[in-house]
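S.K.: sequence first, predicted coordinates after that:
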Amino acid sequence: MRDESGFDEFYLATRVRLVRQLTLMTADLSEAEDALQEAYERAWRRWSRVSGLRDPEAWVRTVAWRVAVSRFRRAVVAARMLPKLLQPTEGPADQVDHVLDLQEALGRVQPEYRRAVVLHDLCDYTLAAVAEETGAPVGTVKSRVSRGRAALADVLGSQYQDSGLPGNTGDSGVDHA
């Protein structure tokens, strides 16, 4: 059983200080609060273990920092991916339809395949870089990219095969390492 009062006391004693520290580290009060909220939630779930650490506050600060870094990285990837998704292929209306079709289709692909295809084809990561980011072996990543492309082709039909999406050469093979 969790020591609810111990966690409450810990939270009240550390929250203001940690918000200040994370705000300075992230340069964004809102991001600091969000990351810290997630870190406290994780600490709560593991309170029996975290409360026994030499410095539970350092654990929460480290988790919050990692959460903030992960969010930042996702935002960077999204910022790099967005221009590629919005590259004009025909006219503006066709472009919007194309992007919406791709987004909907990606939502139907299994998450591990979707992540591999987005990182490889849209973010131009090498297979090795995708493997490093996802923690999967290169061979697994290659398989996920191939299967993800096939799943997209099933959803989008022949328009995907000929769409000129970054990384989509129209074949099912993965085109660069």
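M.R.: Looks like it arrived, so ask away.
S.K.: distance of the residue nearest the centre of the chain from residue 21?
M.R.: The C-alpha lying nearest the average C-alpha coordinate of the chain belongs to residue 74 (Cα atoms, centre = their mean; 4.6 Å). Note on residue 74: its distance to residue 21, by Cβ to Cβ, to the nearest Å, is 22 Å. No exception for glycine: its C-beta is placed from N, CA and C like everyone else's.
S.K.: domain map for this structure?
M.R.: Recorded structural domains for the chain (assignment: automatic domain parsing) are 4-77, 90-161.
S.K.: pick out the shakiest of these, pLDDT-wise.
M.R.: Note on those: lowest mean pLDDT is at domain 90-161, with a mean of 77.
S.K.: run the chain-centre distance for that domain.
M.R.: 14 Å (Cα atoms, centre = their mean, to the nearest Å).
S.K.: residue 67 contacts residue 40, correct?
M.R.: No: in terms of Cβ atoms under 8 Å, residue 67 does not count as a neighbour of residue 40; the distance is 10.6 Å.
S.K.: quick one: distance of the helix or strand where residue 37 lies to the chain centre.
M.R.: In the assignment (DSSP states H and E), residue 37 maps to helix 29-45. Relative to the centre of its chain, helix 29-45 is centred 17 Å away, using Cα atoms, centre = their mean.
S.K.: next one: stretch 143-163
M.R.: 21 Å.
S.K.: which of the residues in it are buried?
M.R.: 143-149, 151-153, 155-156, 160-161, 163 (16 or more other Cβ atoms under 10 Å).
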